[in-house]
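*Asks:* Just the structure for this:
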Amino acid sequence: MNNNCTRFAPSPTGYLHLGHAASALIAANWAKANSADFVLRIEDIDQTRCRPEFETAIYDDLHWLGLNWQQPVRRQSEHLLDYQLALSELQKQGLLYRCFLTRREVMAEINQAPHGIIDVYSGPSKHLSATQEAELLEQEKPFAWRLSLSKAKEVLGKLWHDLEWLETGSGQSGLIKAEPEVLGDVILARKDISTSYHLSVTHDDALQNITHIIRGNDLFESTHTHVLLQVLLGLPTPIYHHHALITDEQGKRLAKRDGAKSLRELRENGISAEQVRDMVRL
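*Replies:* The predicted structure follows:
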C-alpha cells in the first residue's frame, strides 16, 4: 500500500499565475507518477488580503489545467483552534515570548545588530520584566508571539545539532542541516490571530499526512524553521523538493504583487492549458 502524499497550498490573495501553475503541475505529476495522493489546501489565514473570488478562481484554474484532488479541501480559516492548540503546546514548553515592537522598531534593532544579517530578528537583547509586559498588555498594545531560538536550543540540547531534512530538489539534494538562525525568531502568531504561515503550514502538513512537500525555491529557507517546529511539536519531517522558479524576461520571479499575468488572463487570451503546461516545464 502506497501512503505517499503531496500537496499544493495556494493563498487566495490574487489570481494564480504561471509560477503557481508550475508548482501545482510538478506536485500533481509527481503524485501521478508515484501513485500518491494529491491534496489541495487553501491557506487563507490572512483575512485582510484573501477574497472569495480568488479562491473560486483557484478551483477554476486548476480544473482547467486538468488537475483533480482529494476532497474535502482544507481551508485554514476554518481551523484556527487547531493552530491555537499547537501554539499553546509551544507556550507550555516556554518557547514563545511576546514581542511588542513595531516593524520599524524591529528593523532598527536588526540594523544595530553586529551580525549583519538583513531582515532577521534574533530576539531582544533584554526581555521585558513581568511588570513591563503587564503594563503593555493593560494598554492593549499590539504584539506578536515569536519563537525563541535560544529557548529552543535549551529544550533540544544536543538534538539541536541533529536537525536536518532530506532534500531532492535540483538545486540541492541529500541531507540538509537545518539552521533555524537563517530566519531568526520568527512570528508564530499575533494578538488578533492565533497563527502564522510557519505554524499553520507545519501543523497541516502533519495533519494531512503529507510525506513529500514540493514547492518553489523561494520557500527553501523557511524549511529551516519548519523542521525545528516539527521536532518541537513531535511531528514527522517530510521529504522536501524545492524546484526552480518561473521568471519573467528580466529574470525576476513572478509575483502577484508585481502584476504577473494570471492564468485567467492567459485563458481569456486564447492560451490553452496544454500551452501553459509547455510554458512551465522546468
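*Asks:* got the residue ranges for the strands in the stretch 51-200 of the chain?
*Replies:* In the stretch 51-200 of the chain, the segments counted as strands under DSSP state E, counting those that start in this stretch are 74-75, 96-99, 144-147, 164-167, 174-177, 187-190.
*Asks:* Pick the most deeply packed of those.
*Replies:* When you average the neighbours per residue for each of the strands of the stretch 51-200 of the chain (mean count of other CB atoms under 10 Å), strand 144-147 leads with a mean of 23. Where you see a C-beta, it was placed from the backbone N, CA and C, and this is true even at glycine.
*Asks:* Export that one to CSV, keeping only CA atoms.
*Replies:* Extracted C-alpha coordinates of strand 144-147, given in CSV (Å, rounded to 0.1, in the frame of the first residue of the first chain):
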residue,chain,number,x,y,z
ALA,A,144,3.4,39.1,18.1
TRP,A,145,4.2,35.7,19.6
ARG,A,146,7.8,34.9,18.5
LEU,A,147,9.6,31.6,18.7
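*Asks:* Which strands or helices does it pack on?
*Replies:* On a contact count with 3 or more CB pairs under 8 Å, 6 or more residues apart in numbering; DSSP states H and E, strand 144-147 meets helix 80-92, strand 96-99, strand 187-190, helix 222-232.
*Asks:* what comes into contact with the third one?
*Replies:* Around strand 187-190, the neighbours that count as contacts under CB atoms under 8 Å, 6 or more residues apart in numbering are 83, 87, 90, 96, 99, 142-147, 195-196, 198-199.
*Asks:* now the stretch 101-250 of the chain, which segments are flagged as low pLDDT?
*Replies:* The stretch 101-250 of the chain contains residues with pLDDT under 70 at 112-118, 248-250.
*Asks:* Quick check: the gap between the nearest residue to Cys50 once chain neighbours are set aside and Arg190.
*Replies:* What sits nearest to Cys50 in space, not counting adjacent residues and going by CB to CB, 6 or more residues apart in numbering, is Asp44, at 4.2 Å. Distance, Asp44 to Arg190, by CB to CB, to the nearest Å: 16 Å.
*Asks:* mind checking the SS state of Gly270?
*Replies:* Of the three states, Gly270 takes coil under DSSP: H, G, I helix; E, B strand; the rest coil.
*Asks:* and the gap between it and Met279?
*Replies:* Counting by CB to CB, the gap from Gly270 to Met279 is 14 Å.
*Asks:* So which of the two has more stuff around it?
*Replies:* Met279 (13 against 7; other CB atoms under 10 Å).
*Asks:* Buried ones in the longest helix seen in the chain, by neighbour count?
*Replies:* The single longest helix within the chain, with elements called by DSSP state H, is helix 18-33. Residues of helix 18-33 classed as buried: 18-28, 30-31 (neighbour count, 16 or more other CB atoms under 10 Å).
*Asks:* ditto for stretch 194-214
*Replies:* So, applying 16+ other CB under 10 Å, buried residues of stretch 194-214: 194-206, 208, 210-214.
*Asks:* CA-only coordinates of that stretch, as CSV, when you get a sec.
*Replies:* Output of stretch 194-214 as CSV, limited to C-alpha atoms (Å, rounded to 0.1, in the frame of the first residue of the first chain):
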residue,chain,number,x,y,z
SER,A,194,-3.6,32.6,16.6
THR,A,195,-1.3,31.5,13.8
SER,A,196,1.1,32.5,11.1
TYR,A,197,2.3,30.8,7.9
HIS,A,198,5.1,28.9,9.6
LEU,A,199,2.9,27.4,12.3
SER,A,200,-0.2,26.6,10.2
VAL,A,201,1.7,25.0,7.3
THR,A,202,3.8,22.9,9.7
HIS,A,203,0.7,21.7,11.6
ASP,A,204,-1.4,21.0,8.5
ASP,A,205,1.3,19.1,6.6
ALA,A,206,1.5,16.7,9.6
LEU,A,207,-2.3,16.5,10.0
GLN,A,208,-2.8,15.7,6.3
ASN,A,209,-0.1,13.1,6.3
ILE,A,210,2.0,15.0,3.7
THR,A,211,5.1,12.8,3.0
HIS,A,212,6.6,14.9,0.2
ILE,A,213,6.5,18.7,0.1
ILE,A,214,7.0,20.1,-3.4
